[in-house]
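# Okay, sequence plus prediction incoming.
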Amino acid sequence: MSNQIKPQTLKGFRDFLPGETRKRQWLKEKLAKICKNWGFEPIETPTLEYLELFSGQIGDDEKLFFKFKDQGGREVALRYDQTVPTVRYVTQYQNQLSKPFKRYQIQPAFRSEKPQKGRYREFIQCDADIYGDPSPYADAETIALSLDIYKQLGFKQAKVLVNDRTLLKSLPYEAIVSIDKIKKIGEDSLLSEMEKRGIELIKAKEYLQLVKSLKPSEAVKVIFSYLKNYGFDENWFEFDPTIARSFSYSQGPIWEVFIPDYSAGSVLGGERYDGLFKNLFGLNYSGTGFGLGFDRTLEAADQLGLIPLKISVSRLLISVFSPELLENSLAVARFLRDQDISVEIYSDPEIKLDKQLKYADKKGIPFVIIIGPDEAKKKIIKLKIMATREQTMIDLPSLVKKLRAKF
RNA sequence: GUGGUCGUAGCUCAACUGGCAGAGCGUCGCCCUGUGGAGGCGAAUGUUGCGGGUUCAAAUCCCGUCGAUCACCCCA
């Protein structure tokens, strides 16, 4: 009798089956490649940080931290976002980093939220930021990168809505938080929302009018001319004074990216947050950039059919005719692998050929090699193309040539 | 964190007001001992998420718990 346990994942934490994992890897690789194309350097930060790093900044939301005492009694927290740890990182290594410093980062973050669809306790974020450049050109560059990512991923259209937090300076924080919801709840509900947050109705109406009358700031103009010069079509960007990004540390330009063909909300959000350096470390420094929602972006790409469909990692299965002929299959496998061709060999030589073919079929492996007694005697192999059922007897050097052409 | 809905075979789901736990798909076997997707025939599979309670009797009602999902909150 053993204490058997139930196989299950923790609330809000996920396993990924091979098909899903391949999609996720596809997106990670694309994101990394695009960021590198823009000259952004990859970095990583630890999963665990001192709790105090986050706790000063977030106030109300501390209940969302995954925090505990480690074995040494230290108060620690799982990475809650990428921005705050990276501000620490930039401060800590400023002498070793270029200025400006451009970095991207694809790592999981942890929040102890109540999970919902598309909302998990462990989720990947892709952040890209520019540090040490206070000019709106730095904002413009990260915004251009925001758009280029979606363009390079194959989206027909993405749209960035840009605002400037300095335009909202005269509004109290509660009003800004409310304004951010206007698209979701409408103007009427917005007014009652503001009242609920302790703003008088008259004031609320005043704030709403003010916001609606706002015109693009100089920084926003710089950004738009940058985007235009980079070659983005005018319908890829727009000024929207209701984009507020209710983070307490946002200042200066703020933006969110939406996919018109995907309705589940924004897929990316960014802002300038120079003040964070001051608040945390008393440093005069600047940072601007974005966090990209990995799951939403992946879902959007999947829904719109942008993920290349490769059912299997294996492109070629070497079947094993019988235990006696296993060595022939092994020899071919080794030969092909030495030629840098990925092959999978069927593991159990006792299993009949029809099962092995069925396996290849199910896994979507397009080519199967068969080596029976006849082939073994002639020192050749039979290549079967699953899609067409076509079979050819072929020797190894020609096989390599043929596969190179097909792959 | 607050409130609602849900959890039955590998998957999708049935089971009238409490009364013998079922179907489709898939899986497996055979038709087909050197060849996969179609077709035919046959077979296996359940602690009804878990724990407790009420009842002659619980998948069904009650409590707790784990998980999923929706709304709110929040969303660095």
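Arrived safely, thanks for sending. Residues are numbered from 1 along each chain as shown, chains lettered A, B, ... in the order given.
# The residue nearest to the spatial centre of chain A: what's it in contact with?
In chain A, the C-alpha nearest the mean C-alpha coordinate belongs to A:Phe294, at 3.0 Å (Cα atoms, centre = their mean). Shown in contact with A:Phe294 (Cβ atoms under 8 Å, 6 or more residues apart in numbering): A:24, A:27, A:106, A:123-126. The C-beta positions use only the backbone N, C-alpha and C, and glycine is treated the same way.
# Helices - which of those land there?
Among these, the members found in helices (DSSP state H) are A:24, A:27.
# Sort out which one of the contacts of A:Phe294 lies nearest A:Leu298 for me.
Set against A:Leu298, the nearest of the contacts of A:Phe294 by Cβ to Cβ is A:Leu27 (5.1 Å).
# how many neighbours does A:Asp354 have?
Other residues near A:Asp354 number 8, with proximity taken as other Cβ atoms under 10 Å.
# Over to the one 5 residues further on?
When neighbours are defined as other Cβ under 10 Å, A:Tyr359 has 17 of them.
# what stretches of chain A score poorly on pLDDT?
Low-confidence regions of chain A, defined by pLDDT under 70, span residues A:1-5, A:56-62, A:246-248, A:309-313, A:406-407.
# In the stretch 101-250 of chain A, which residue sits closest to RNA strand B?
Per Cβ to the nearest atom of the strand, the residue of the stretch 101-250 of chain A with the smallest distance to RNA strand B is A:Lys117, at 2.9 Å.
# Show me what from the stretch 251-400 of chain A comes close to RNA strand B.
A:269, A:291, A:321, A:352-355, A:357-358, A:360-362, A:370, A:372-375, A:382, A:384, A:386-389, A:391 (Cβ under 7 Å from any atom of the strand).
# Up against RNA strand B, what does the stretch 101-250 of chain A have?
Counting by Cβ under 7 Å from any atom of the strand, the stretch 101-250 of chain A comes close to RNA strand B at A:109, A:113-119, A:177, A:193, A:245-249.
# check contacts around the residue of the stretch 51-200 of chain A found nearest RNA strand B.
RNA strand B sits closest to A:Asp81 of the stretch 51-200 of chain A, with a gap of 2.3 Å, by Cβ to the nearest atom of the strand. A:Asp81 sits next to A:54, A:109, A:125, A:291 when contact means Cβ under 8 Å, 6+ apart.
# between the residues you listed, which is closest to A:Thr91?
Of all those, A:Phe54 has the smallest distance to A:Thr91: 14.9 Å, by Cβ to Cβ.
# quick one, what contacts that closest one?
A:Phe54 is in contact with A:62, A:65, A:77, A:80-81, A:84, counting by Cβ under 8 Å, 6+ apart.
# So it belongs to a helix, correct?
Yes: counting by DSSP: H, G, I helix; E, B strand; the rest coil, one finds A:Phe54 located in a helix.
# Find the nearest non-adjacent residue to it, please.
A:Tyr80 (4.9 Å; Cβ to Cβ, 6 or more residues apart in numbering).
# Return a ChimeraX selection command for the buried portion of the contacts of A:Phe294.
Typed into ChimeraX, the line below selects the buried ones among those, using 16 or more other Cβ atoms under 10 Å:
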select /A:24,27,106,123,124,125,126
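# For stretch A:359-369, buried residues please.
By 16+ other Cβ under 10 Å, the buried positions in stretch A:359-369 come out as A:359-360, A:365-369.
# likewise stretch A:328-340?
Result for stretch A:328-340 [16+ other Cβ under 10 Å]: buried residues A:328-329, A:332-333, A:336.
# same question, stretch A:88-104
Residues A:88-91, A:94, A:97, A:100-104 are the ones in stretch A:88-104 that count as buried (16+ other Cβ under 10 Å).
# re the thing from before, quick check: helices, which of the buried residues of stretch A:359-369 are part of them?
A:359-360.
# Out of the buried residues of stretch A:359-369, which is nearest to RNA strand B?
RNA strand B lies nearest to A:Ala360 out of the buried residues of stretch A:359-369, by Cβ to the nearest atom of the strand, at 6.8 Å.
# The closest one - nearest residue in space that isn't next to it in sequence?
A:Ala360's closest residue in space is A:Leu317 (Cβ to Cβ, 6+ apart), at 4.6 Å.
# That neighbour sits in which helix or strand?
Assigned by DSSP states H and E, A:Leu317 belongs to strand A:316-318.
# Past that strand, which element shows up next along the chain?
From strand A:316-318, the next helix or strand downstream (DSSP H and E) is helix A:326-338.
# Just give me how far that following helix sits from the chain centre.
Put simply, helix A:326-338 sits 38 Å off its chain's centre (Cα atoms, centre = their mean, to the nearest Å).
# Tell me which residues are up against it.
Taking Cβ under 8 Å, 6+ apart as the rule, helix A:326-338 contacts A:316, A:318-321, A:343, A:345-346, A:349, A:369, A:371, A:375-376, A:381, A:396, A:399-400, A:403.
# Among the residues you listed, which lie within strands?
Members of the contacts of helix A:326-338 lying in strands (criterion: DSSP state E): A:316, A:318, A:345, A:369, A:381.
# Correct me if wrong: the fourth one contacts A:Val320.
Just to be clear, that refers to A:Ile369. No: counting by Cβ atoms under 8 Å, A:Ile369 does not reach A:Val320; the two are 10.0 Å apart.
# wouldn't A:Asp139 be in contact with A:Phe224 here?
No: counting by Cβ under 8 Å, A:Asp139 does not reach A:Phe224; the two are 11.1 Å apart.
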